[in-house]
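**Student:** Okay, predicted coordinates and the sequence, questions at the end:
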There are 2 protein chains.
Amino acid sequence: MRQRHALIPTLREIPSDAEAASHKLMIRGGFIRPLAAGVYSYLPLGRKALRKLESIIREEMDRCGAQELLLPALQPAELWQQSGRHSLYGPELVRLRDRHDREFVLGPTHEEVVTALMRDSISSYRDLPMTLYQLQTKFRDERRPRFGLMRGREFLMKDAYSFDMDLGSLDRSYRAMYEAYHRIFTRCGLRFKAVEADAGAIGGEGETHEFMALAAIGEDTVVSCLSCSYAANLEKAEAQPIAGAATAASSAVPACESFPTPGLHTIDQLVGALNVKPEELIKTLVYVADGVPVAVAVRGDHEVNEVKLKQYLQAEAVSLADDDVIARAGGGPAGSIGPVGLSVKLLVDRDAARIASAIAGANKAERHLRFVVPGRDFPLNHTGDFRNVQEQDRCPRCGGELAFSRGIEIGHVFKLGTKYSDKLGLRLPDASGKPSPVIMGCYGIGVSRLLAAIVEQHHDERGIRWPAAVAPFHVHLVPVAAQDREQMKLAESLYERLSLIGVEVLLDDREERAGVKFKDADLIGIPIRIVIGKGAAAGLVEYKERDGDSSAELTADEAVERVMAALKAW
Amino acid sequence: MRQRHALIPTLREIPSDAEAASHKLMIRGGFIRPLAAGVYSYLPLGRKALRKLESIIREEMDRCGAQELLLPALQPAELWQQSGRHSLYGPELVRLRDRHDREFVLGPTHEEVVTALMRDSISSYRDLPMTLYQLQTKFRDERRPRFGLMRGREFLMKDAYSFDMDLGSLDRSYRAMYEAYHRIFTRCGLRFKAVEADAGAIGGEGETHEFMALAAIGEDTVVSCLSCSYAANLEKAEAQPIAGAATAASSAVPACESFPTPGLHTIDQLVGALNVKPEELIKTLVYVADGVPVAVAVRGDHEVNEVKLKQYLQAEAVSLADDDVIARAGGGPAGSIGPVGLSVKLLVDRDAARIASAIAGANKAERHLRFVVPGRDFPLNHTGDFRNVQEQDRCPRCGGELAFSRGIEIGHVFKLGTKYSDKLGLRLPDASGKPSPVIMGCYGIGVSRLLAAIVEQHHDERGIRWPAAVAPFHVHLVPVAAQDREQMKLAESLYERLSLIGVEVLLDDREERAGVKFKDADLIGIPIRIVIGKGAAAGLVEYKERDGDSSAELTADEAVERVMAALKAW
């Protein structure tokens, strides 16, 4: 492509609303432009990079036998009512009405549509296993779209769905996708981790992994063991129980007693005023789970993990209770809540349950209790892991050190089970003739987000450094002076030669100053740059890789050979 | 692909709501499934055929230097208000509100978005000419979606937009697209015609052509000359003025007089009762053009062409008037309208203006006028071509015979001019530094509709007959008995060999009866079929093309060679 008439509107200024490096650089490099919050146009360079991703994904999906289809964005609301997600999905679901006042949604995902399609299309267990996928535009009305392509309201996704008759077969389908994802993200040049994850709002049960591209801007926390392969997201991550003071016999602890603590409301205030450690305190919070209030006690230095609560309670929705509910649960004002004498179900984190003698809220204004003994002073009918892991925690598998990092969720594989088959009636007679629900899996890759994640990992202060496999072009040809006939002649001949052997070349034929051209080339980030300058008269060019520092003066023939060698190595 | 676990749900029954052959066959062959009226899922075979079309279109767009981008489906309503199309587009425009109550539309086309993008991206006339294109899903809430993919509410489109600084350059951009379209439709194996068309609702001015695939089911009428290359759609088609009786001097005609015609209201009734020819009658209709009533007079055997009216009046919208407006225009009841003594502007078709002595409505109940002389009895201030051409008409270019046929509009090229540049402020300083509006063109291909058009032209009573270039697979391997080891072994070896050399093969490894397999193969319509039956033991297979009648018994080697030869010939 010739740059003179190409739509590559590079910018020197940093867009004021852009925080993430990928967002800034893709705007500045002329890859994307915003049309509305979370809604982007892909300009030619962005579209080319996106198509590279699409090709890699298609190849790996086809390789593992998944079949491509294309499902509609417009979906009848009835399907979502049948699955129960019409109300559950909330304001993120884009809803609209057609001219006949029928309600539709714009698909944020396609479990309903594909399940109904399979229900109406297949008739025998012999047709399975089957995995279907599509590359398609999705819509999600995010509360807070941000970071450019990272969290958009209209975005490109690869979604896949597997259909099996038994769990062993599901496991094979799941593994095939899991491995395809590894190949895809590796080919994209990403540092990533597959982490154990929680089922979340998508429902269902069973195994699920998220694929996280490691990046400081990432909105997710990845917990991984430094000694073994254990890795999970923060929602799901577990730790070994803390070996604690629970060895002290509760009989040695005096009876629980109330004492005044005027003005002391936070853990920090208590720790400071009473000269105790936060792990000697019990923090109690009240939630409402599917409409029912429930209290949770954790150690003062721990944070409640709502996903684990939801899982334990098998609840659809869990949220913090308001002051009225808290006051009714404890009997005192909202700020005084503690585990002793509660009128609601009490969940106790296993580490809190092991404190020998704790300080806790007294359920009376401006007072706390001391010598609180779990099991003696409050019941331990519901103990479990209800907290987030922390940096000091130990790996649940091997006891090794847990490390925290930030990640961008670029993929997700999920054993759905029979949730959608049950709701939408996808049943097949099995070998014995008995109708059985089909077992499903779903598998997603955020393709536009993947593009952003690649840029997050591959850039420097001057611009993007595209991995060769996803770069919009392989070679950037830069004649220093487009009005110099000698230079342009050599540039044109290289352009022809390289294009002929299948190399994708961007030729900067603009009449711009050399400084502008080089700055743009750094910004755009094509892996190989060939500069045609004063040496052109002698048939010499400068060969340089965007990822390296050194450059070499070569003849045109040598440059072509170097390009071919580099392409082969990639 | 192996058919056993492929999602190819063929049907024996004809879907009850399907009228068009393409609709029936693509449903029956398992290519598509409806999700809602005018909303379809593409199953693996349909997706594959669609991707072939996408590739052909991309190749031809890239070949003529158009740059691919990807614009959002979600478009802020403000853009459409700026262009004036927000109200003009009517209920076909899908509208929705986001969580912040901001109005968006789902793009049925992207003139507004691309014009605003260019306005904000380019700064010099030197950047132009430029042509941008995308392959993208469009939404149009059709009043009457029908014929499957032919008229859908969600559909795939290739839209392109050209930007030039002068009319000569626009003409070159337009020609490049016009020629690319010829190459695309030719490669798709279509019989088509590029016909002159009217600007229509998209606005703008200047040259425009529609590409029509000829097919009986087509919703458009194509008028073409049997002697020269003239072709136009019915809205736009012209004819030579009819040489008529206007030679008779009006002075020889008696004074116009009223006579009773009780019960005679239609042209047919008048012709029958008065023993006159329809071409001696004048038919008068009243329209409302942008709120203003206007009358149109045509011969009794002619039909008013509303597009020509609109063009003449430069009106945005034209529709038939209601009875009140008609009565006010004529002075008598609505059914009695005639051209004499009207109180509104009167447009007279040039053929009606040439009648020597006519019969026409009297603007009085149950009466008509005779001896009506155009120009004497009613004014000829506005004469022109205001009617549809008819089969007896003569070519406006060469006087040859005009033939009528039906067509499916598969593409459209359009010189937009500065309509959108003016409305959205896309201006660039020209060479002299003076800001000038950029001149645009727009170019569309209905990709999903194209698929339907191909099937309309390529099928027989047994199923589809895909042209090789767009067939989902090249070769259909059909072992007659999948449980026969000899047959399956030969089939598998052919599958491997053909796949290795890049041939796309569908292998029917299902344990179905031979009759079922053959019926499905005919229905699906892969161009080459290789049947592996009893001859397998001797290494023989049956080679057959879907488009031909004969079959040949060949060795496996010969069959591979025949496939390669056929592929080379395509």
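**Tutor:** Done, it's in. Keep in mind that what you see is a predicted model, and the values were worked out from it rather than measured.
**Student:** How many residues are close by the residue lying closest to A:M1 once chain neighbours are set aside?
**Tutor:** Distance criterion C-beta to C-beta, 6 or more residues apart in numbering or on different chains; nearest residue to A:M1, sequence neighbours excluded, is A:L506 at 5.5 Å. Where C-beta positions appear, they are placed from N, C-alpha and C, glycine not excepted. By other C-beta atoms under 10 Å in any protein chain shown, the residues close to A:L506 number 26.
**Student:** Can you tell me who A:L506 pairs with across the strands?
**Tutor:** A:H476 (DSSP bridges).
**Student:** contacting residues for it?
**Tutor:** A:1, A:3, A:6, A:472-473, A:475-477, A:524, A:526 (C-beta atoms under 8 Å, 6 or more residues apart in numbering or on different chains).
**Student:** Among the residues you listed, which are located in strands?
**Tutor:** With DSSP state E as the criterion, strands contain A:475-477 from among the contacts of A:L506.
**Student:** So which residues make contact with the helix or strand where A:V563 lies?
**Tutor:** Per DSSP states H and E, A:V563 falls inside helix A:556-569. When contacts are defined by C-beta under 8 Å, 6+ apart, helix A:556-569 is touched by residues A:468, A:474-475, A:490, A:493-494, A:497-498, A:501, A:503, A:527-528, A:530, A:539, A:541, A:543, A:545, A:552, A:554.
**Student:** So which of those residues belong to helices?
**Tutor:** If you go by DSSP state H, the contacts of helix A:556-569 have A:490, A:493-494, A:497-498 in helices.
**Student:** Which single one of those residues is nearest to chain B?
**Tutor:** Using C-beta to the nearest C-beta, A:L498 comes nearest to chain B of those, at 16.5 Å.
**Student:** and the nearest residue to the closest one once chain neighbours are set aside, how far is that from A:A514?
**Tutor:** Nearest residue to A:L498 in three dimensions, chain neighbours excluded: A:V505, at 5.0 Å (C-beta to C-beta, 6+ apart). Going from A:V505 to A:A514 by C-beta to C-beta, to the nearest Å gives 19 Å.
**Student:** pull the CA atoms of stretch A:299-306 into CSV?
**Tutor:** Coordinates of each C-alpha in stretch A:299-306 appear next as CSV, following Å, rounded to 0.1, in the frame of the first residue of the first chain:
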residue,chain,number,x,y,z
ARG,A,299,-10.3,-11.6,60.0
GLY,A,300,-9.6,-7.9,60.3
ASP,A,301,-6.8,-8.1,57.7
HIS,A,302,-8.9,-10.0,55.2
GLU,A,303,-11.4,-9.0,52.5
VAL,A,304,-14.7,-10.8,51.8
ASN,A,305,-14.9,-12.5,48.4
GLU,A,306,-18.4,-12.1,47.1
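**Student:** and that stretch, how far from the chain's centre?
**Tutor:** How far stretch A:299-306 lies from its chain's middle: 23 Å, per C-alpha atoms, centre = their mean, to the nearest Å.
**Student:** Same question for stretch A:104-116.
**Tutor:** Its chain's C-alpha centre and that of stretch A:104-116 lie 21 Å apart, by C-alpha atoms, centre = their mean.
**Student:** Over to stretch A:121-130?
**Tutor:** For stretch A:121-130, the distance to the chain centre is 32 Å (C-alpha atoms, centre = their mean).
**Student:** who in the stretch 151-300 of chain A is up against chain B?
**Tutor:** Proximity of the stretch 151-300 of chain A to chain B, by C-beta under 8 Å from any C-beta of the partner chain, involves residues A:153-154.
**Student:** so whichever residue of the stretch 151-300 of chain A sits closest to chain B bridges to which residues?
**Tutor:** Distances between the stretch 151-300 of chain A and chain B by C-beta to the nearest C-beta are smallest at A:E154, namely 5.0 Å. Per DSSP bridges, the residues bridged to A:E154 are A:F139.
**Student:** low-confidence ranges in the stretch 151-300 of chain A?
**Tutor:** A:199-205, A:244-250 (pLDDT under 70).
**Student:** again, but for chain A
**Tutor:** For chain A, counting by pLDDT under 70, the residues that fall below are A:199-205, A:244-250.
**Student:** can you list the domains in chain A?
**Tutor:** A:17-216+A:408-455, A:245-384, A:473-569 (automatic domain parsing).
**Student:** Tell me which of A:V505 and A:A514 has more neighbours.
**Tutor:** Shown here are A:V505 and A:A514; by other C-beta under 10 Å, A:V505 has more neighbours (22 against 13).
**Student:** Pull the contacting residues for that one.
**Tutor:** Residues near A:V505 by C-beta under 8 Å, 6+ apart: A:1, A:473-477, A:494-495, A:498-499.
**Student:** so which of these comes closest to chain B?
**Tutor:** Closest approach to chain B among the contacts of A:V505 (C-beta to the nearest C-beta): A:M1, at 7.3 Å.
**Student:** Confirm for me that the closest one is in contact with A:L507.
**Tutor:** Yes - in terms of C-beta atoms under 8 Å, A:M1 counts as a neighbour of A:L507; the distance is 7.2 Å.
**Student:** If you count surrounding residues, which of the two has more?
**Tutor:** More neighbours surround A:L507 than the other of A:M1 and A:L507, with 26 against 20 (other C-beta under 10 Å).
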